[in-house]
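Participant: have a look at this prediction, sequence included:
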Amino acid sequence: MDKVKFGYDEVDQTDKPEKVNKVFTSVSNKYDLMNDIMSFGLHRLWKKQFLRLCDLGNKNNILDIACGTGDISLEIKKQKNDVQLTCLDPNIEMIEICKQKFLNKGFTDIKYINLGIEEFESEVKYDLASLAFGFRNFSDPLKGLINIFESLELGGQLLLMDFKVPRNKIYSQLFKAYTLNIIPNIGKIVANDKESYKYLGESIQTYYTPEEIRSMCLNVGFEKVKIINLPEDVASIHVAHKI
Ligand SMILES: C[S@@+](CC[C@H](N)C(=O)[O-])C[C@H]1O[C@@H](n2cnc3c(N)ncnc32)[C@H](O)[C@@H]1O
């Protein structure tokens, strides 16, 4: 049985989806608030930059993978009303919040897929796949990337954003202490859930480097894979092309 990382633990690959799902079910109702607190609001700036790089002007059919509570999806639709948007996430509680936000804003033409990307077989081809802060949670990252690659049309792009460990050694130690000690305690105080935030902190520390992600993208067939490190050096964006 293949083992994969679940924070600092090693678990059977087949057990990871359920474990990850439990985490997101547990954090769903405090997810947006916790994001603002944990990142000091910075995630909003990172998402703005991510959306700028999505270059929505010339995209028509978009798959937002790991849509969660819909931060990226909603902004895509607000910026380009006539786009065809599909939101994919295996967690029913997270995707329900996303759905509700769209309904509150009067958007009713969104397609929702309640699956992990590893199970997804696309019937249509997309010109953009967006994936923000989701890749860390995949149980089979290569299978996930292959499915994303298959779901894109020629000329399509993947934009992938996630955390990274800062390059400066001292800053990296401070960031480590923050993710492993402070974040779980904020989780305890704000969401009464230290365990889930312990996983989130550990999953950042045990995650791939941007170069490793770049190699994985190239391995599944993407080309011209560019890495953009965000100013605070704790997150990066990959732009990958299917040519
Ligand atoms: C940290 S949230 C990110 C939500 C949103 N994209 C954002 O930036 O705020 C991660 C999401 O990844 C989803 N997820 C976990 N495993 C996944 C998988 N195998 N395929 C797709 N999404 C997954 C979780 O359910 C969760 O909603």
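Facilitator: Okay, I see it. Predicted model, so just to flag it, every value in this text is computed and none were measured.
Participant: contact partners for Tyr8?
Facilitator: Glu202, Gln205, Thr206 (C-beta atoms under 8 Å, 6 or more residues apart in numbering). Placement of C-beta: from N, CA and C, glycine included.
Participant: identify the residue spatially nearest to the first one, adjacent ones excluded.
Facilitator: Beyond its immediate neighbours in the sequence, the residue positioned closest to Glu202 (C-beta to C-beta, 6 or more residues apart in numbering) is Gly7, lying 3.2 Å away.
Participant: do I have it right that that neighbour meets Tyr197?
Facilitator: No - Gly7 lies out of contact with Tyr197 (C-beta atoms under 8 Å); the separation is 10.5 Å.
Participant: so those two - more neighbours on which side?
Facilitator: Shown here are Gly7 and Tyr197; by other C-beta atoms under 10 Å, Tyr197 has more neighbours (25 against 20).
Participant: next one: phi and psi at the more buried one?
Facilitator: When quoted as degrees, to the nearest 10, the phi and psi of Tyr197 stand at phi -80, psi -20.
Participant: what about the residue nearest to it when sequence neighbours are not counted, is that helix, strand or coil?
Facilitator: In space, and not counting its chain neighbours, Tyr197 is closest to Gly187: 2.8 Å by C-beta to C-beta, 6+ apart. Here Gly187 is recorded as helix under DSSP: H, G, I helix; E, B strand; the rest coil.
Participant: Gly187: neighbour count?
Facilitator: 25.
Participant: quick one, grab the pLDDT at it.
Facilitator: Per-residue confidence (pLDDT) for Gly187: 94.
Participant: what's the answer for Pro231, then?
Facilitator: So, for Pro231, pLDDT stands at 89.
Participant: quick check: the gap between it and the ligand.
Facilitator: 18 Å (C-beta to the nearest ligand atom, to the nearest Å).
Participant: how about Pro141?
Facilitator: For Pro141, the distance to the ligand - C-beta to the nearest ligand atom - is 9 Å.
Participant: count of residues packed around that residue?
Facilitator: Pro141: 19 neighbours (other C-beta under 10 Å).
Participant: that one contacts Phe135, doesn't it?
Facilitator: Yes - using C-beta under 8 Å, Pro141 is in contact with Phe135, at 6.5 Å.
Participant: residue at max distance from the center of this structure?
Facilitator: Residue farthest from the centre of the chain, counting by C-alpha atoms, centre = their mean, is Ile170 at 26.7 Å.
Participant: phi, psi of Leu160?
Facilitator: phi -120, psi 120.
Participant: what's the burial count for it?
Facilitator: 29.
Participant: wait, what's in contact with Arg167?
Facilitator: Asp233.
Participant: same question, Lys143
Facilitator: Here Lys143 is in contact with Glu118 (criterion: C-beta under 8 Å, 6+ apart).
Participant: that one: helix or strand, and which one exactly?
Facilitator: Secondary structure assignment for Lys143, by DSSP states H and E: helix 141-151.
Participant: state the mean pLDDT of that helix.
Facilitator: For helix 141-151, the per-residue pLDDT averages 98.
Participant: and it, what's buried?
Facilitator: For helix 141-151, burial by neighbour count (16 or more other C-beta atoms under 10 Å) applies to Pro141, Lys143, Gly144, Leu145, Ile146, Asn147, Ile148, Phe149, Ser151.
Participant: hmm, back to that, doesn't the residue farthest from the centre of the chain fall inside a helix?
Facilitator: Yes - under three-state DSSP, Ile170 falls within a helix.
Participant: ok, back up a step: CSV for the contacts of Tyr8, including secondary structure, distance to Lys242 and neighbour count?
Facilitator: Formatted as CSV, the contacts of Tyr8 follow (DSSP: H, G, I helix; E, B strand; the rest coil; distance: C-beta to C-beta, whole Å; neighbours: other C-beta atoms under 10 Å):
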residue, secondary structure, distance to Lys242, neighbour count
Glu202, helix, 32, 19
Gln205, helix, 31, 15
Thr206, coil, 28, 14
